[in-house]
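Asker: coords please:
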Amino acid sequence: MKTDDLISMMATGVAPADHRLPARRMAQALALGGAGSLALLLLLYGLRPDLKAMLSVPLFWIKLGFPAALAAGSLLVLRRLLRPGLRVGINWAGVAVPCAAIWSVSALVLLAASAAERIGLLMGLTWRTCPFNIALLSLPLCAAIVWAVRAMAPTRLRLAGAIAGLLAGSAAAVVYCLHCPEMGVPFWGLWYFLGMSIPAVAGFLFGPRLLRW
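Answerer: Alright, predicted model coming up:
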């Protein structure tokens, strides 16, 4: 076959790429993974009994806002990492700002508290289990997000894996807020962050294997 004939054959019937496909696939992954995480929460832990009353408490919405903002920031970074040649740039602020905000408020709360109160604010009642509960709830989200990312074109696989894990962990932390009784800002800044970091570290370690295309 002549080269011109081969090029003509390959070009025949080619449809334009759907630029909305990556966003649609990631939305599907987050919806399916989030549903799986919520089902796991209901099966293993249940909702906190005073959840209805908590909906009118501003501090509860701040509690939800921390992992939700981190999830949004992680998604912004991940979208850049899924396209070869794009720099993350200012999008790193989406990850840095929620962390800096919660740690700054945590420091102020601890400074304002008495020495006797600080350990209770930091450790809460569930520090032994909280990070591992968040990591467990992130499993459905991890599976769904890996499915979405594998269909795209990441080149920095360890970094993409870490951010994908952070996205899964932070989304799982949002779900976990529906059960967790802890209402201390320093507790969230430490133990929630550690829980969200577990899938991020796993993504960094296993990203090259799971996301290879």
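
Asker: what pLDDT does the spatially most central residue of the chain get?
Answerer: With distances taken as Cα atoms, centre = their mean, Leu167 lies nearest the centre of the chain, 1.9 Å away. Turning to Leu167, the model gives it a pLDDT of 98.

Asker: go on, Leu70?
Answerer: 98.

Asker: excluding its backbone neighbours, what's nearest Met26?
Answerer: The shortest distance from Met26 to any non-neighbouring residue, by Cβ to Cβ, 6 or more residues apart in numbering, is to Ala148 (4.9 Å). Quick note: C-beta positions are derived from backbone N, CA and C, even for glycine.

Asker: what sits against Pro140?
Answerer: By Cβ atoms under 8 Å, 6 or more residues apart in numbering, the residues touching Pro140 are 32-37, 39-40.

Asker: take the residues you listed and keep only those in helices.
Answerer: 32-37, 39-40 (DSSP state H).

Asker: was I right to think Leu159 contacts Leu81?
Answerer: Yes: look at Leu159 against Leu81 with Cβ atoms under 8 Å: they come within range, at 6.1 Å.

Asker: mind showing which ranges of the chain have poor pLDDT?
Answerer: In the predicted model, the chain carries pLDDT under 70 at residues 1-19.

Asker: at 50 what do you get?
Answerer: With pLDDT under 50 as the threshold, the chain has no low-confidence stretch at all.

Asker: where along the protein do the helices fall?
Answerer: Per DSSP H, the chain carries helices over the ranges 3-11, 21-44, 51-54, 58-81, 93-112, 115-123, 130-137, 139-150, 157-176, 185-187, 193-210.

Asker: can I get the ones you listed in JSON lines with distance to Arg87?
Answerer: Listed next are the helices of the chain as JSON lines, based on distance: least, Cβ to Cβ, whole Å:
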{"stretch": "helix 3-11", "distance to Arg87": "32"}
{"stretch": "helix 21-44", "distance to Arg87": "18"}
{"stretch": "helix 51-54", "distance to Arg87": "40"}
{"stretch": "helix 58-81", "distance to Arg87": "7"}
{"stretch": "helix 93-112", "distance to Arg87": "13"}
{"stretch": "helix 115-123", "distance to Arg87": "37"}
{"stretch": "helix 130-137", "distance to Arg87": "30"}
{"stretch": "helix 139-150", "distance to Arg87": "18"}
{"stretch": "helix 157-176", "distance to Arg87": "12"}
{"stretch": "helix 185-187", "distance to Arg87": "33"}
{"stretch": "helix 193-210", "distance to Arg87": "19"}
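
Asker: most packed of those helices?
Answerer: helix 157-176 (a mean of 27; mean count of other Cβ atoms under 10 Å).
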